[in-house]
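A.B. asks: structural data only, the sequence is not supplied:
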Ligand SMILES: C[S@@+](CC[C@H](N)C(=O)[O-])C[C@H]1O[C@@H](n2cnc3c(N)ncnc32)[C@H](O)[C@@H]1O
């Protein structure tokens, strides 16, 4: 098994991006339509009403899953893709793409937003974002989900920061299906009277495993040895988390939107569960990776490349050039 990735984070590697850009099939504003299942991928700015309208056409989604840049620095660098701007400007940006999302969704629909809170900067932008969301009375706040990461930062003089926030809102009254984890129920001997009968906890249950609740401890963060790993991605969400959202909040054939595609996780999960996904990224390199990941999944059944190269056209160049460091050691601490 190959254990080093072909290239580092693509936002930190301008010379590799230069080589990949000519291989990208989409330019700004263009939409790729999947001839097999009708998914769409575009290069567009989530803030732009016109570009989002071009992606959506006349369709409305029943589920939005968005993972914008969090307005924090990741590792020691800030990058064009993971920018840090004044919090007010970040909230203006958020208000605009949320507006585009509201317009793009059905009267009865779900909305999930991944976000962060920078503990070194007054926890921005999470509180400001939550308050801004109250400007959309059509959206009802439903849950603040916390996902536990395995790797984190701030281990020496603080609690290691391993949390990842996921905000859940609904519009209207969409259907919701309870999903279960793989974690077995352990609480035994909890008796309750149901219809005059004394019943024990486990016999009342629909499943022998527990429901996830709004603290998710069982999601494995993506790292380079996992099949779903996408080399060059720097903010890839685990498929298991997106699978959980899609299974609970949509049905077969439903349309799902994601305005910040990056490695294309929402698209892969939609494909796996027979949903349709319209997604976009401002960066043509990540829009291309998103399309290639879908085609690779159909061809091989694999959800990512692990440490293989998504751009085999360039593999010879990468193999021959030792100046491309392999990204095989996580930047941060882990437990
Ligand atoms: C946190 S990542 C999304 C990760 C994704 N959920 C995944 O699992 O791979 C954010 C992405 O948003 C893109 N992006 C940044 N600003 C954008 C904008 N204004 N419109 C659309 N995409 C943008 C970045 O290029 C980056 O790929």
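C.D. replies: Cool, got the structure. What you see is a predicted model; the values in this text were computed from it and never measured.

A.B. asks: domains for this structure, by residue range?
C.D. replies: Following automatic domain parsing, one finds the domains of the chain at 10-181+218-330, 182-215.

A.B. asks: mind checking which of those domains is nearest the ligand?
C.D. replies: domain 10-181+218-330 (3.2 Å; Cβ to the nearest ligand atom). No exception for glycine: its C-beta is placed from N, CA and C like everyone else's.

A.B. asks: so what's residue 17 up against?
C.D. replies: The contact partners of residue 17, by Cβ atoms under 8 Å, 6 or more residues apart in numbering, come to 10, 285.

A.B. asks: quick check: it vs residue 232, distance?
C.D. replies: Separation of residue 17 from residue 232 (Cβ to Cβ, to the nearest Å) stands at 9 Å.

A.B. asks: what is in contact with the two at once?
C.D. replies: With Cβ under 8 Å, 6+ apart as the test, residue 17 and residue 232 both reach 10, 285.

A.B. asks: ramachandran angles for residue 50?
C.D. replies: Backbone torsions of residue 50, given as degrees, to the nearest 10, read phi -70, psi -40.

A.B. asks: residues touching the residue of the chain positioned farthest from its centre, list them.
C.D. replies: Seen from the C-alpha centroid of the chain, the residue lying at the greatest distance (Cα atoms, centre = their mean) is residue 196, 46.1 Å away. By Cβ under 8 Å, 6+ apart, the contact set of residue 196 is empty.

A.B. asks: again, but for the one 4 residues further on
C.D. replies: With contacts taken as Cβ under 8 Å, 6+ apart, residue 200 has the following neighbours: 188, 189, 190, 191.

A.B. asks: I figured the second one hits residue 201, correct?
C.D. replies: Yes: in this structure, residue 189 sits in contact with residue 201. The criterion is Cβ atoms under 8 Å, and the distance is 7.1 Å.

A.B. asks: who's more crowded, these two?
C.D. replies: With neighbours defined as other Cβ atoms under 10 Å, residue 189 and residue 201 compare such that residue 201 has more, 14 against 7.

A.B. asks: and the nearest residue to that one once chain neighbours are set aside, how many neighbours?
C.D. replies: Spatial nearest neighbour of residue 201, excluding adjacent residues (Cβ to Cβ, 6 or more residues apart in numbering): residue 190 at 3.8 Å. Applying other Cβ under 10 Å, we find 11 residues neighbouring residue 190.

A.B. asks: and for the one 5 residues further on?
C.D. replies: Residue 195: 5 surrounding residues under other Cβ under 10 Å.

A.B. asks: circling back: winner for burial among the domains of the chain?
C.D. replies: Using mean count of other Cβ atoms under 10 Å, the stretch among the domains of the chain with the largest mean neighbour count is domain 10-181+218-330, at a mean of 18.

A.B. asks: leaving out the residues flanking it, which one is nearest to the most centrally placed residue in the chain?
C.D. replies: Here the mean C-alpha position of the chain is nearest to the C-alpha of residue 237 (Cα atoms, centre = their mean), at a distance of 4.4 Å. If the residues on either side of it in the chain are set aside, residue 237 comes closest to residue 265, at 4.9 Å by Cβ to Cβ, 6+ apart.
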